[in-house]
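Student: Quick one, fold the following:
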Amino acid sequence: MSQYYPADFLRMLRNDIPIDEVIVDLLNLEVQKDRKTIRFRCPLCTNHKTNLARCFDCQKNFNPIDMVITVGNCGFVDAVKILKNRFNR
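Tutor: As a prediction, this is how the structure comes out:
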């Protein structure tokens with residue numbers, strides 16, 4: 001049975017959940033902070049204007065859903081459930 005998530009709900013997960021909170025609080029990744037960025041092993045940094053994290057090595061951008069899928073080694077539906085449970089807004 002497939003699950004359906006409304007586009008507005010997915011848009012909220014991608015754009016309204018601060019990527020810093022996903023990286024630090026939800027995924028507990030080791031970070032180094034400076035004034036405007038968070039860096040961690042990849043090293044990734046965040047763009048607060050677009051709410052994306054970017055890997056300097058592979059040049060890929062990650063929204064909160066992408067980040068949970070990648071770090072959590074899970075699928076889309078599981079990533080949405082994790083974010084929904086953690087950041088139920």
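Student: all strands for the chain, in order.
Tutor: Along the chain, the segments classed as strands by DSSP state E run 31-33, 38-40, 44-47, 52-55, 61-62.
Student: Lowest mean pLDDT across those strands, which one is that?
Tutor: Lowest mean pLDDT within the strands of the chain: strand 44-47, at a mean of 65.
Student: The residue nearest to the spatial centre of the chain and residue 35: what is the separation?
Tutor: By C-alpha atoms, centre = their mean, the mean C-alpha position of the chain lies nearest to residue 64, the distance being 2.1 Å. Computed as C-beta to C-beta, to the nearest Å, the residue 64 to residue 35 distance reads 22 Å. C-beta here means a position set from N, CA and C on the backbone, and glycine is covered the same way.
Student: got it, and residue 76?
Tutor: For residue 76 relative to residue 35 (C-beta to C-beta), the value is 34 Å.
Student: So which of these two has more stuff around it?
Tutor: Higher neighbour count among residue 76 and residue 35: residue 76, with 14 against 4, using other C-beta atoms under 10 Å.
Student: and that one, what does it touch?
Tutor: If you count contacts by C-beta atoms under 8 Å, 6 or more residues apart in numbering, residue 76 has them with 65, 69.
Student: Residue 68 contacts residue 82, correct?
Tutor: Yes. The criterion here is C-beta atoms under 8 Å, and residue 68 meets it with residue 82 at 5.5 Å.
Student: Mutual contacts of the two, please.
Tutor: Shared contacts of residue 68 and residue 82 (C-beta under 8 Å, 6+ apart): 26, 74.
Student: Determine which member of these two has the greater number of neighbouring residues.
Tutor: residue 68 (25 against 20).
Student: quick one: low-confidence parts of this structure?
Tutor: Low-confidence segments of the chain (pLDDT under 70): 1-2, 40-46, 89.
Student: For it, just list every one of the helices.
Tutor: In the chain, the segments counted as helices under DSSP state H are 7-16, 19-21, 64-72, 76-86.
Student: tell me the contacts of residue 3?
Tutor: Contacts for residue 3 (C-beta under 8 Å, 6+ apart) come out as residue 77.
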